[in-house]
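Peer 1: Turn this into a model:
(chains A and B)
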Amino acid sequence: MPYQMKTEGMEEISELLEKMGAAAGSVAAQGLYEGAGVMADELGKSVQTIRTAPFQFAREGTRLPSPEEKEIVLNAEPGIAKFDRSGTEVNTSVGYRNAGYADLNGHVKPIPVIVNAINSGTSFMKKQPFVRKAVKNGSDKAMKAMKDKIEETFEAMTKQ
Amino acid sequence: MPSEYEALVAALKLTSVPFAEYGWKTRPEGAYGVVQLDFEANTLNGDGGKLDRVWEGSVDVFYQKLTERGDIIDAVEETLTEILGDSWSLNSTQYETGTGLFHVEWVFQCMDTPTEEDDDAVPDED
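Peer 2: Model prediction:
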């Protein structure tokens, strides 16, 4: 389930990027990389809050993820997708989309499916929205990291 | 507990879909729903405490028959609007291949503002 991070209060940054001319796209990408890194760290921290219980089939109600399932998500570090650039517009995503597969007691499962089952819940898995929580907690920090990096790059460019 | 959340739970339980808070011990036959508060989304701190607190929660509905879909979605969304105004959004729609259930998920925010009664409970310093 993708979540979008909305950016607000970026007017000053837009003005700075406009002043950079042709270098704006590259500088925006550097800023975005910093922000994406912060978001990936926040996601990694949020995984640690997942509650677990020894595996048992949820025949009637819901179950918590097993420690083995949590371990798979902990070891699958959230990745930063290849940047999609069009002029000064730069987009990326952070998450487990290409995290691959894991062997769970002899059953090979895609890691994004395990992540989604925990995050959104299913009819048999109790919901623990750790991704949504990470986006909520990390947005301001990611925005600050992006702004700081762009301002730092702008200062370095103007000193040259 | 935010009063808006309590009102939402009560209103959802009046719809045609059986609802439980935080999950079912035994899943009902047919369509069913779950409502829960997930985490504290925002807080306004001041005067040595939390003045306003925003909670984020979710409503999940599971159903099997496509013919039920329209009525269920209308009932949940009308209830969300009635209680919370526009502080909610449809977050995801999914299909569970193992069980054949459709899963629709809404996310909402509700505010927990201390009432005058809460204020009265705190003794004045002077």
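Peer 1: doesn't A:A76 make contact with A:A102?
Peer 2: Yes - applying Cβ atoms under 8 Å, one finds A:A102 in contact with A:A76, separated by 7.3 Å. Heads up, the C-betas are built off the backbone N, CA and C, glycines and all.
Peer 1: Spit out the residues that contact the two alike.
Peer 2: The overlap between the contact sets of A:A102 and A:A76 (Cβ atoms under 8 Å, 6 or more residues apart in numbering or on different chains) consists of A:I111.
Peer 1: May I have the phi/psi pair for the residue sitting nearest the centre point of chain A?
Peer 2: Residue closest to the mean C-alpha point of chain A, counted by Cα atoms, centre = their mean, is A:V94 at 3.4 Å. Main-chain torsions, A:V94, degrees, to the nearest 10: phi -120, psi 130.
Peer 1: What are the buried residues along stretch A:86-105?
Peer 2: Within stretch A:86-105, the residues scored as buried using 16 or more other Cβ atoms under 10 Å in any protein chain shown are A:88, A:90, A:92-96, A:99, A:102, A:104.
Peer 1: Could you do stretch A:56-64 as well?
Peer 2: A:58, A:62-64.
Peer 1: Among these, name the ones in strands.
Peer 2: Within the buried residues of stretch A:56-64, no residue falls in strands by DSSP state E.
Peer 1: Tabulate these in a markdown table, adding columns for pLDDT and distance to chain B.
Peer 2: Listed next are the buried residues of stretch A:56-64 as a markdown table, based on pLDDT from 0 to 100; distance: Cβ to the nearest Cβ, whole Å:
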| residue | pLDDT | distance to chain B |
| --- | --- | --- |
| A:A58 | 80 | 9 |
| A:T62 | 90 | 5 |
| A:R63 | 92 | 10 |
| A:L64 | 94 | 10 |
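Peer 1: Among those residues, which lie within helices?
Peer 2: Judged by DSSP state H, the subset of these located in helices is empty.
Peer 1: For those residues, which two are the farthest from each other?
Peer 2: Across these, no pair lies farther apart than A:A58 and A:L64, at 9.3 Å, counting by Cβ to Cβ.
Peer 1: Spell out which residues are contacts of both of those two.
Peer 2: By Cβ under 8 Å, 6+ apart, the residues touching both A:A58 and A:L64 are A:M125.
Peer 1: which residues sit in contact with the closest residue to B:R53 other than its chain neighbours?
Peer 2: Nearest non-adjacent residue to B:R53, counting by Cβ to Cβ, 6 or more residues apart in numbering or on different chains: B:D112, 4.4 Å away. B:D112 sits next to B:1-3, B:52-55 when contact means Cβ under 8 Å, 6+ apart.
Peer 1: which of the residues you listed has the most neighbours?
Peer 2: Counting neighbours by other Cβ atoms under 10 Å in any protein chain shown, B:W55 comes out on top of the contacts of B:D112 with 20 neighbours.
Peer 1: so that residue touches B:T43, yeah?
Peer 2: No - using Cβ under 8 Å as the test, B:W55 is too far from B:T43 to be in contact (10.0 Å).
Peer 1: Residue 12 - how many residues pack around it?
Peer 2: Here I'm looking at chain A. For A:E12, the neighbour count with other Cβ under 10 Å is 11.
Peer 1: try again with chain B
Peer 2: Applying other Cβ under 10 Å, we find 23 other residues in the vicinity of B:L12.
Peer 1: residues touching it, list them.
Peer 2: B:19, B:33, B:35, B:59, B:76, B:79.
Peer 1: List the backbone torsions phi and psi for it.
Peer 2: phi -60, psi -30.
Peer 1: Mind pulling up the pLDDT for it?
Peer 2: Predicted confidence (pLDDT) for B:L12: 97.
Peer 1: Check the one 4 residues further on too.
Peer 2: Here the pLDDT value assigned to B:S16 is 91.
Peer 1: Same check on the one 3 residues further on?
Peer 2: The score at B:F19 is 96. That number is its pLDDT.
Peer 1: Now it: phi and psi?
Peer 2: Backbone torsions of B:F19, given as degrees, to the nearest 10, read phi -120, psi 150.
Peer 1: and if you look at B:V34?
Peer 2: According to degrees, to the nearest 10, B:V34 has phi -130, psi 140.
Peer 1: ok now do it, which residues does it touch?
Peer 2: Counting by Cβ under 8 Å, 6+ apart, B:V34 touches A:121, A:127, B:19-24, B:59-61.
Peer 1: now swap in A:G138 and tell me
Peer 2: Applying Cβ under 8 Å, 6+ apart to A:G138 gives the contacts A:38-39, A:41-43.
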